[in-house]
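Novice: Sharing a model that was predicted from the sequence below.
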Amino acid sequence: MASQKADNTSSRTLRYDSSQAFSHFFFSKANRVNWSSMSTQPIIAERIWSKKGGVLGIITDLLLKENLMLTVTKPNSYVMDIVYEFYENLSQQSSVAGSPFYHMVYVRGHVFDFSPAIIDEYFGRSHAESDDLCEYIPDTYIDLDEVATELIGVPTKWESRPRSSTLTSKYAILSRIGLCNWFPTSHATTIDEEIGRFLFRVGKGLQLRLGESIFKQTVSHADGRSSRTHLVFPSLICDILKSQHAIQLDRELCIFVSKFHILTDRFLEGKHLVDIQGENQSVQDQNSNNTTSPQIDNSTNNGAQIQLLRDSIACLDVKLEKILGQQAEIVHQQGKIYEFLATVITRK
């Protein structure tokens with residue numbers, strides 16, 4: 001019956017109607033066939049901003065000014081299978097105006113609205129402003145050499161992807177946020193043209209099209225055609241879907257996103273050109289003139305020890321990321337076992 005339904009669906013023009021779906025979980029038979037491949041792809045989850053690291057006022061001001069604060073405070077949790085099913089059913093046609101799939105996706109028996117406007121609304125942004133062609137400067141009008149000079153702080157040609165370690169303090173912090181929550185990637189040490197222009201817009205106060213950018217990145221994974229190996233924006237996807245229909249099963253566990261820390265001192269030294277002032281910097285300057293303050297040992301050995309400790313922290317960060325990925329996989333496998341157990345109990 002299911003295969004006959006799929007054949008009938010393929011023989012006529014599709015409307016995105018849940019009654020025409022191949023099954024409760026898959027809109028087409030092709031989606032079902034590709035499930036084993038899709039459900040094994042790793043997920044890069046957004047992160048929530050922890051303020052323990054000493055948030056710099058200028059960065060907070062920038063996020064508030066550009067209405068980006070919710071992008072670092074709203075991520076919460078996600079359900080892995082819902083994310084996989086979303087991407088498995090998502091069609092490249094969802095970005096094509098006039099297509100029956102335009103700005104829609106089928107998940108668990110329902111057709112959901114998923115569009116740049118929905119994403120902007122989720123983050124409390126005005127999509128009408130994003131569509132204002134009078135104020136928006138297209139990326140092609142933003143010179144990459146100007147972007148490189150702004151990000152690095154000295155006259156620079158855009159000849160290759162700049163490394164995050166070469167950016168000014170302000171843009172190093174913004175890139176740390178962006179590579180987690182705006183352009184999530186597993187290669188978080190370099191800045192490509194799209195990310196560079198986006199950071200340039202944030203830093204210079206130019207108009208952003210956040211919803212459009214996130215939508216474009218998401219749809220790039222549709223139909224299993226993306227060259228990327230990681231699925232992105234799981235918390236956003238689950239929140240948007242669950243706001244329209246209750247689709248989470250009682251047995252399904254939520255995976256909570258991890259925190260990321262902005263360490264003030266880390267971005268105010270080293271190779272970074274300091275173009276911002278930390279919240280505590282003026283206090284430190286006052287203390288440096290106080291004769292009762294402890295003297296800082298600037299010896300070579302002390303500096304080497306500090307660098308060693310920082311390297312150790314960086315290694316631990318890498319190990320933590322790996323452990324979190326393993327934890328997510330264990331939770332996924334646990335869910336599968338619970339599902340099988342429920343099936344066995346039902347048969348009895």
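Specialist: Arrived safely. Numbers count the residues shown, from 1 in each chain.
Novice: tell me the contacts of the closest residue to residue 49 other than its chain neighbours?
Specialist: Counting by Cβ to Cβ, 6 or more residues apart in numbering, the nearest residue to residue 49 once its immediate chain neighbours are dropped is residue 72, at 3.9 Å. Any C-beta I mention is one placed from the backbone N, CA and C, and that applies to glycine too. Residues in contact with residue 72 (Cβ atoms under 8 Å, 6 or more residues apart in numbering) are 47, 48, 49, 63, 177, 181.
Novice: Then residue 112?
Specialist: Taking Cβ under 8 Å, 6+ apart, we find residue 112 in contact with 104, 105, 106, 240, 241, 244, 245.
Novice: rerun that using 7 Å as the cut-off
Specialist: By Cβ atoms under 7 Å, 6 or more residues apart in numbering, the contact list for residue 112 reads 104, 105, 241, 244.
Novice: Make sure the third one is indeed in a helix.
Specialist: Yes - counting by DSSP: H, G, I helix; E, B strand; the rest coil, residue 241 falls inside a helix.
Novice: My read is that it contacts residue 107, right?
Specialist: Yes - the pair residue 241 / residue 107 is scored as a contact, 5.9 Å apart, by Cβ atoms under 7 Å.
Novice: which neighbours do these two share?
Specialist: Between them, residue 241 and residue 107 share these contacting residues under Cβ under 7 Å, 6+ apart: 82, 86, 247.
Novice: what's the second one sitting at in phi/psi?
Specialist: By that I understand residue 86. With angles defined as degrees, to the nearest 10, residue 86 shows backbone torsions of phi -60, psi -50.
Novice: give the contact list for it.
Specialist: Listed by Cβ under 7 Å, 6+ apart, the contact set of residue 86 reads 105, 107, 237, 241.
Novice: What is the nearest of the shared contacts of residue 241 and residue 107 to residue 316?
Specialist: Using Cβ to Cβ, residue 82 comes nearest to residue 316 of the shared contacts of residue 241 and residue 107, at 31.2 Å.
Novice: would you list every one of the strands in this protein?
Specialist: Under the criterion DSSP state E, strands of the chain are mapped to 43-44, 48-50, 77-78, 104-107, 110-113, 231-232, 255-256, 259-261.
Novice: export those to TSV and tack on distance to residue 20 and mean pLDDT?
Specialist: Below are the strands of the chain laid out as TSV (distance: least, Cβ to Cβ, whole Å; pLDDT from 0 to 100):
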stretch	distance to residue 20	mean pLDDT
strand 43-44	29	92
strand 48-50	39	80
strand 77-78	28	94
strand 104-107	9	95
strand 110-113	10	94
strand 231-232	26	94
strand 255-256	32	92
strand 259-261	42	71
